[in-house]
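Novice: 3D, please:
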Amino acid sequence: MDTQNYKRTLAGSVGAGIGAITNGSSRTYYILEHKTSSKYHQAGEAQKIIVDQIELGRAGSCQVRFDEGCETVSRKHAAIVRDGDNWKLIHLSQSNPTFVNGRPITGTYYLQSGDEIQLSSGGPRMGFIVPQGRQALTSSIGMTERMNLFRKQALRPYKTAITVMSIVLVLAVAGLGIWNWSLGEKNELLAKQAAEQQMQLVEYQGRLDENETERKNLETQQKLLEQKLAESGNDNEEIKSQLSKVQGRLAAANSRSMNLKNEINQLKDELASPKYSGVIEQTTASDLGVGTTAVAGQTTAENTGSGTSTTDASGTPLVSSGSTNTSKDLKDYYDHIYTLKIQNITVEKDGQSRDAGISMSDIPCGTGFMLEDGTFVTDRQNIEPWVYTVNSNWEEPWRRTLAQYKACGCNIIIHYRAYSQKGTGKPLAFSSNEFHINYGADVILPIEIDKSFRKKWKDMFGTSLDVKNTADIGVFSEKSHSYAKIHRLGEDGEGIPYNVSNCNRLPGGTDIHMVGYSGTTTPQSLHLDHFNNKINTDDVISGTIRLQTQINEPGYYGSPAFIETDNGYEVVGLYVGSKGGKDRLVPISRIL
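Specialist: Residues are numbered from 1 along each chain as shown. The predicted structure is shown next:
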């Protein structure tokens, strides 16, 4: 295995992780000792690795992840893979070097205990350590810690419904008793949807656990600062400033907890619905390890001290979430609003990867934005443009070509650069397969495979296309989830503040302020447009909010939608395409 034919495998992550849990006395692990501090790792941290294959880089799917501040670390920079009793480091980056003991490597390098790995010149450094004796066995690690490592290392790379279903089946075969499936002749699409939702429950619970730890730490800090302020006679401006910041962070943590609990409850209700009857025979929160304990002090927003009201909308003013980042000038958010530029599109089929042969100038640019919790959000059709069709008619030739590739079984990967007024020298870089997308409400439609596409296929792959006149493809429906997101792409606390309370109680006629880039924007000429609209009275469809008018500028799709509160502007939704001649917002509470 080398850089050219490296491929992440289910066996190397999930299979090895299950082995570490069920047969730890016959499996070994190693430690990566971090020697430099970053957002996700502190110098001196000893990270235990229990799976046979991990990836290192800035991508959200990497088990050893580095933040955007590590600018010379690639999205997927390197991998460490078991080879018998040995471990080998595989260099993956096409633009930045990988060093071992100060020397650059190419391809594969077999690691020895004590080696130092460095990702790029001046990048993060890690020591590779193999424990000795019985301490080298994964059985020496407590079961609770092993389960936590399994979740972080074995499950982290996998997001799509098909792969998640594979994980579920592997776990079931392993006899863990977590899922009990009865596929038989049942609807395969429902099974895939249910599998994705089951894994989403596990992910949300993990995020809730992490958020609860942060929330409790912030509560402790708040109490200590309140005590110090009282001892000073309430006359210490520095303590007041510190207390205000902690209270703002605590309000955001409280909001995240409420939202995550809502998401967990919604998924549990969905999985218990009649449509899954017979597909999943047993699905309970306890099976999945999903806790139901209420968060202390979280029954209403008033308990948190955040200042966010959850009372009825009638006559009640919209108030701030309590974020310390809230501003009364939308220009203060410009650095966190991006125009998305496609660099290239590749299609993969049976291990072959080819350029899609589509001119980038034909595709309009969309908008995306970074929230203050580090989540990057945009309209789904900016990431998967082939899913958007009007009455089964893909009007633009490039969109139809992508739809035919997808219908014929290809994996489509779109590579982006995202530019903001923060500066064009340091754009965000990501690809379409890093986004989390919910496919649950999509519908299957046939698309005609035309002669010109068949010729393109033969020229590209060297074989005739073995598909009849039409092929099936999943596309948008009125109930589809119209957003795409990457968790923790940005730095926590540096994005746009949002309000999950107000977005669920917006009365008709509410003013909505939006900021986005037109579809013809270039990195050399970054100009943001302001456009306003109003909530349409009592007009809600499929979890989205309709606006009163249609703007009809595709470049704006993915823009943040703000309301003005007592403290300033906060995001309440994502601006997406139109239905029935009226544009829509996806409430931020549905996205996070």
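
Novice: Next secondary structure element downstream of the helix or strand bottoming out on mean pLDDT in the chain?
Specialist: Every helix and strand in the chain was compared by mean pLDDT, DSSP states H and E; the lowest is helix 285-288, with a mean of 32. For helix 285-288, the following helix or strand on the C-terminal side (DSSP states H and E) is strand 337-349.

Novice: State the paired neighbours of that next one in the sheet, together with their directions.
Specialist: Using DSSP bridges, the strands paired with strand 337-349 are strand 352-355 (antiparallel), strand 366-370 (antiparallel), strand 411-419 (antiparallel).

Novice: so for the last one, what's the average pLDDT?
Specialist: Taken as a whole, strand 411-419 has a mean pLDDT of 91.

Novice: Give me the residues contacting whichever helix or strand comes after that strand.
Specialist: With elements assigned by DSSP H and E, the helix or strand that comes after strand 411-419 is strand 428-431. Residues from elsewhere that reach strand 428-431 (C-beta atoms under 8 Å, 6 or more residues apart in numbering): 59, 68, 75, 338, 376, 413-418, 486, 489. Yep, even glycine has a C-beta here, placed from its N, CA and C like the rest.

Novice: redo that, cut-off 10 Å
Specialist: 58-60, 68, 74-76, 95, 338, 340, 343-346, 368, 370, 376, 383, 413-420, 422, 486, 489-490 (C-beta atoms under 10 Å, 6 or more residues apart in numbering).

Novice: if I look at the residue of the chain positioned farthest from its centre, how far off is L224?
Specialist: The outermost residue of the chain, judged against the average C-alpha position, is G233 (45.6 Å), by C-alpha atoms, centre = their mean. For G233, the distance to L224 equals 17 Å [C-beta to C-beta, to the nearest Å].

Novice: Helix or strand: which one has the nearest residue to D67 once chain neighbours are set aside?
Specialist: Nearest in space to D67, with sequence neighbours left out and distances taken as C-beta to C-beta, 6 or more residues apart in numbering, is K39 at 3.7 Å. K39 is part of no helix or strand when elements are defined by DSSP H and E.

Novice: residues in contact with K39?
Specialist: Contacts for K39 were tallied using C-beta under 10 Å, 6+ apart; they are R65, F66, D67, E68, G69, C70, G374, R488, G490, E491, D492.

Novice: what's around L260, how many residues?
Specialist: Look at L260: counted by other C-beta atoms under 10 Å, it has 22 neighbours.

Novice: quick one: it and D373 touch, right?
Specialist: No - the pair L260 / D373 is not scored as a contact, 11.2 Å apart, by C-beta atoms under 10 Å.

Novice: In stretch 395-403, which residues are buried?
Specialist: W398, R399, R400, T401, L402, A403 (16 or more other C-beta atoms under 10 Å).

Novice: Could you export it as PDB, CA atoms only?
Specialist: Provided in PDB are the C-alpha atoms of stretch 395-403 (Å, rounded to 0.1, in the frame of the first residue of the first chain):
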ATOM      1  CA  GLU A 395     -32.400  22.300 -17.500                       C
ATOM      2  CA  GLU A 396     -28.700  23.100 -17.300                       C
ATOM      3  CA  PRO A 397     -26.500  20.700 -19.400                       C
ATOM      4  CA  TRP A 398     -23.800  20.500 -16.700                       C
ATOM      5  CA  ARG A 399     -26.300  19.700 -14.000                       C
ATOM      6  CA  ARG A 400     -27.800  17.000 -16.100                       C
ATOM      7  CA  THR A 401     -24.400  15.500 -16.800                       C
ATOM      8  CA  LEU A 402     -23.700  15.200 -13.100                       C
ATOM      9  CA  ALA A 403     -27.100  13.600 -12.500                       C
END
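
Novice: Only the buried members of the contacts of strand 428-431: can you turn that into a ChimeraX selection?
Specialist: Restricted to buried positions by 16+ other C-beta under 10 Å, the ChimeraX selection for those reads:
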select :58,59,60,68,74,75,76,338,340,345,368,370,376,383,413,414,415,416,417,418,419,420,486,489,490
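
Novice: list residues touching both of L260 and D373?
Specialist: With contacts taken as C-beta under 10 Å, 6+ apart, L260 and D373 have N211, L592 as neighbours in common.

Novice: Quick one: end-to-end distance for stretch 511-522.
Specialist: End-to-end distance of stretch 511-522: 29 Å, with C-alpha to C-alpha, to the nearest Å as the criterion.

Novice: average pLDDT for that stretch?
Specialist: Averaging pLDDT along stretch 511-522 yields 90.

Novice: what separates that stretch from the chain centre, distance-wise?
Specialist: Centre-to-centre, stretch 511-522 and its host chain are 23 Å apart (C-alpha atoms, centre = their mean, to the nearest Å).

Novice: How about stretch 470-479?
Specialist: Worked out by C-alpha atoms, centre = their mean, stretch 470-479 lies 23 Å from the chain centre.

Novice: Can you point out the buried residues in it?
Specialist: By neighbour count on 16+ other C-beta under 10 Å, the buried set for stretch 470-479 is A471, I473, G474, V475, F476.

Novice: Could I get the full set of helices for this structure?
Specialist: Applying DSSP state H to the chain gives helices spanning 10, 16-22, 143-153, 161-173, 188-231, 237-271, 285-288, 380-383, 397-407, 451-461, 588-591.

Novice: before we move on, the earlier item: the strands paired with strand 337-349: which one's closest to M143?
Specialist: Closest to M143 of those is strand 411-419 (C-beta to C-beta; 36.4 Å).

Novice: just the CA coordinates of that closest one, formatted as CSV?
Specialist: Coordinates of each C-alpha in strand 411-419 appear next as CSV, following Å, rounded to 0.1, in the frame of the first residue of the first chain:
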residue,chain,number,x,y,z
ASN,A,411,-19.2,8.8,-6.8
ILE,A,412,-18.9,12.6,-7.5
ILE,A,413,-16.4,14.6,-5.5
ILE,A,414,-16.4,18.4,-5.9
HIS,A,415,-13.4,20.3,-4.5
TYR,A,416,-14.0,23.9,-3.3
ARG,A,417,-12.2,27.0,-2.2
ALA,A,418,-14.3,29.4,-0.1
TYR,A,419,-13.3,33.1,0.0
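
Novice: That one: how far from the chain's middle?
Specialist: With C-alpha atoms, centre = their mean, you get 15 Å for strand 411-419.

Novice: quick one, domains of this protein?
Specialist: Here the domain parsing of the chain from automatic domain parsing is 10-157, 180-304, 330-591.

Novice: weakest of those domains by average pLDDT?
Specialist: Among the domains of the chain, domain 180-304 carries the lowest mean pLDDT, a mean of 63.

Novice: that older thread, include distance to R590 when you put the strands paired with strand 337-349 into a markdown table, please.
Specialist: As requested, the strands paired with strand 337-349 are exported to a markdown table (distance: least, C-beta to C-beta, whole Å):
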| stretch | distance to R590 |
| --- | --- |
| strand 352-355 | 34 |
| strand 366-370 | 16 |
| strand 411-419 | 22 |
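
Novice: Minimum distance to R207: which of those has it?
Specialist: strand 366-370 (17.7 Å).

Novice: Most neighbours among the contacts of K39, which one?
Specialist: Counting neighbours by other C-beta under 10 Å, F66 leads the contacts of K39 with 25 neighbours.

Novice: Please look at it and E55 and confirm they touch.
Specialist: No - applying C-beta under 10 Å, one finds F66 not in contact with E55, separated by 11.3 Å.

Novice: between the two, what contacts are shared?
Specialist: Listed as contacting both F66 and E55 by C-beta under 10 Å, 6+ apart are H77.

Novice: Any idea what Y338 is bridged to?
Specialist: With DSSP bridges as the rule, Y338 is bridged to G368.

Novice: which ones are touching it?
Specialist: So Y338 contacts 365-370, 376, 378, 416-422, 427-428, 516-517, 526, 558 (C-beta under 10 Å, 6+ apart).

Novice: In CSV: the buried residues of stretch 395-403, plus distance to R207.
Specialist: What follows is the buried residues of stretch 395-403, written out as CSV (distance: C-beta to C-beta, whole Å):
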residue, distance to R207
W398, 36
R399, 34
R400, 38
T401, 37
L402, 32
A403, 33
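
Novice: Looking at those residues, spot the one nearest F99.
Specialist: Of those, the one sitting nearest to F99 (C-beta to C-beta) turns out to be L402, at 38.8 Å.
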